[in-house]
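Visitor: Pasted the sequence and its predicted model underneath.
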Amino acid sequence: MELPPVGLGTMGIDDPDAVATALSVGYRHLDTARIYENEAVVGEGLAAGLADADVDREDLTVATKLWIDDLAAADVAPAARESADRLGIDAIDLLYVHRPRGDYDPEATLSALDRLVDEGPVRNVGVSNFEVADLDRAIDVLGRPPAAHQTELHPLFYRPELLDHAREHGYTVVAYSPLADGRVGEVDAVTEVAAAHDATPEAVAIAWATAKEPVVAVPKASSAAHLRANLAAADLELTDAEVAAIDAVEREAELFPE
């Protein structure tokens, strides 16, 4: 699945104007989840943005995620349709298993999601917060790689084995929390690279993430200035040495452990 280098992460966004503004400044990938309890907000912003911005619905990827209590085979279709209704769309472009926990059963859950692709209300199946073994099992069940794997990825938490798996099997990695909840400005390697480029640490963190094929990032932002800055960060080109310096950061800070 081809996704733009930078999309909009919406966890915590409760104002539809932020979503509409994102579309107006060039975002084409919106990411939410049932557990965020803001699908209706995203849907309202999406409708306003489509009405005001020069963008077609077909040019957008709207993604959401089924929470761990939505994953029993009998619950997948009703939950997906509820999400689509809240988002105000006929089909969810990318529907993730949020975590392989709770009611998740690889065979039952993924087969139910695959049926929704066949029937039309879902266009692509993704997974999130999976380990390599979970990814392998998903590929076995689906008979193909997931469209995308969303995982926490930022300069303070980096798992190369997940990127290696994505490269081997040919699917996209979507990096959530690429700004480490605002902590990237505390990382010396990041601030040194930022100073060399006359850029912000946030821009460097996004550029570092998107330099890693096949990674795209979904940072959260609400203001027009931050939305534009995050979108532009993908155009910042880091040297191999700069990427390696950030790779070598020893601190690990997983923001969203199990």
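Guide: Yep, it's here.
Visitor: Tell me where the stretch 1-150 of the chain has helices.
Guide: Counting by DSSP state H, counting those that start in this stretch, the stretch 1-150 of the chain has helices at residues 16-25, 39-52, 73-87, 106-119, 132-142.
Visitor: For His169, which of these is the nearest?
Guide: Closest approach to His169 among those is made by helix 132-142 (6.4 Å; C-beta to C-beta). Glycine gets a C-beta too; all of them are placed from N, C-alpha and C.
Visitor: I would like the residues contacting that closest one, please.
Guide: Helix 132-142 is contacted from outside by 100, 106-107, 110-111, 114, 125, 127, 130, 145-146, 149, 161-162, 165, 169, using C-beta atoms under 8 Å, 6 or more residues apart in numbering.
Visitor: Give me the buried stretch members for that helix, please.
Guide: Neighbour-count burial for helix 132-142 flags Asp134, Leu135, Arg137, Ala138, Ile139, Val141, Leu142 (criterion: 16 or more other C-beta atoms under 10 Å).
Visitor: For those, give me TSV that also has pLDDT and distance to Val62.
Guide: Formatted as TSV, the buried residues of helix 132-142 follow (pLDDT from 0 to 100; distance: C-beta to C-beta, whole Å):
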residue	pLDDT	distance to Val62
Asp134	98	24
Leu135	98	23
Arg137	98	27
Ala138	98	22
Ile139	98	24
Val141	98	24
Leu142	98	21
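Visitor: Tell me the one among the residues you listed nearest to Pro178.
Guide: Nearest member of the buried residues of helix 132-142 to Pro178, counting by C-beta to C-beta, is Leu135, at 20.4 Å.
Visitor: What's the per-residue pLDDT of Val125 here?
Guide: Val125 is assigned 98 on the pLDDT scale.
Visitor: Then Met1?
Guide: Looking at Met1, its pLDDT reads 89.
Visitor: okay, now it: neighbour count?
Guide: Using other C-beta atoms under 10 Å, Met1 has 19 other residues around it.
Visitor: How about the contacts made by it?
Guide: Counting by C-beta under 8 Å, 6+ apart, Met1 touches Thr61, Leu94, Asn124, Gly126, Ala147, Ala148, Tyr171, Thr172.
Visitor: one step back: just the buried residues of helix 132-142 now: which is nearest Leu153?
Guide: Nearest to Leu153 among the buried residues of helix 132-142, counting by C-beta to C-beta, is Leu135 at 14.9 Å.
Visitor: can you give me the strands in the stretch 101-250 of the chain?
Guide: Secondary structure of the stretch 101-250 of the chain by DSSP state E, counting those that start in this stretch: the strands cover 125-128, 148-152, 172-176, 215-218.
Visitor: where does the stretch 101-250 of the chain have low pLDDT?
Guide: Along the stretch 101-250 of the chain, the model assigns pLDDT under 70 to no residue.
Visitor: Phi and psi next, for the residue nearest to Gly170 when sequence neighbours are not counted.
Guide: Spatially, and ignoring its direct neighbours in sequence, Gly170 is nearest to Pro145 (5.9 Å; C-beta to C-beta, 6 or more residues apart in numbering). Per-residue torsions, Pro145: phi -70, psi 160 (degrees, to the nearest 10).
Visitor: what residues are up against Pro145?
Guide: Ile139, His169, Gly170, Tyr171.
Visitor: By neighbours, which of the residues you listed wins?
Guide: Tyr171 (21 neighbours).
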